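> A predicted structure for the sequence below; I have some questions about it.
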Amino acid sequence: MVAWSYTVGSVVMKLTRDKKLWLLTAHPDTLDLAEEAPGWLIANCHVKGFVKPGPAAGVWRLTEAG
């Protein structure tokens, strides 16, 4: 079973359905994510450290935390 949460200090935060679905779009080899995510979702995942900018403009890549 995969745990869909992350820890901030001693608080465990649950991931929203939107975040889970977008993070699951990561390519298995490159970890590049699908581009159709809304800006607010990209920004929220980037702030939390789940994604980082990819090799090209508009491409986001999953991090180890993601």
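Yep, it's here. The structure presented is a predicted model; accordingly, all values stated were derived computationally and were not measured. Numbering: from 1, shown residues only.
> quick one, what contacts the closest residue to V59 other than its chain neighbours?
Nearest non-adjacent residue to V59, counting by C-beta to C-beta, 6 or more residues apart in numbering: D32, 5.6 Å away. For the C-beta atoms, the positions are set from N, CA and C on the backbone; glycine is no exception. Contact analysis of D32 by C-beta atoms under 8 Å, 6 or more residues apart in numbering lists A26, G54, P55, V59, W60, R61, L62.
> Burial check on A34, number of neighbours?
Neighbour count for A34, taken as other C-beta atoms under 10 Å: 13.
> pretty sure it contacts W22?
Yes. A34 lies in contact with W22 (C-beta atoms under 8 Å); the separation is 7.0 Å.
> Return the residues in contact with K19.
Contacts of K19 by C-beta under 8 Å, 6+ apart are L41, N44, C45, F50.
> would you say it is within a helix?
Yes. K19: assigned to a helix according to DSSP: H, G, I helix; E, B strand; the rest coil.
> and the gap between it and V59?
Counting by C-beta to C-beta, to the nearest Å, the gap from K19 to V59 is 18 Å.
> What of L21?
L21 is 18 Å from V59, by C-beta to C-beta.
> and what of A65?
A65 is 18 Å from V59, by C-beta to C-beta.
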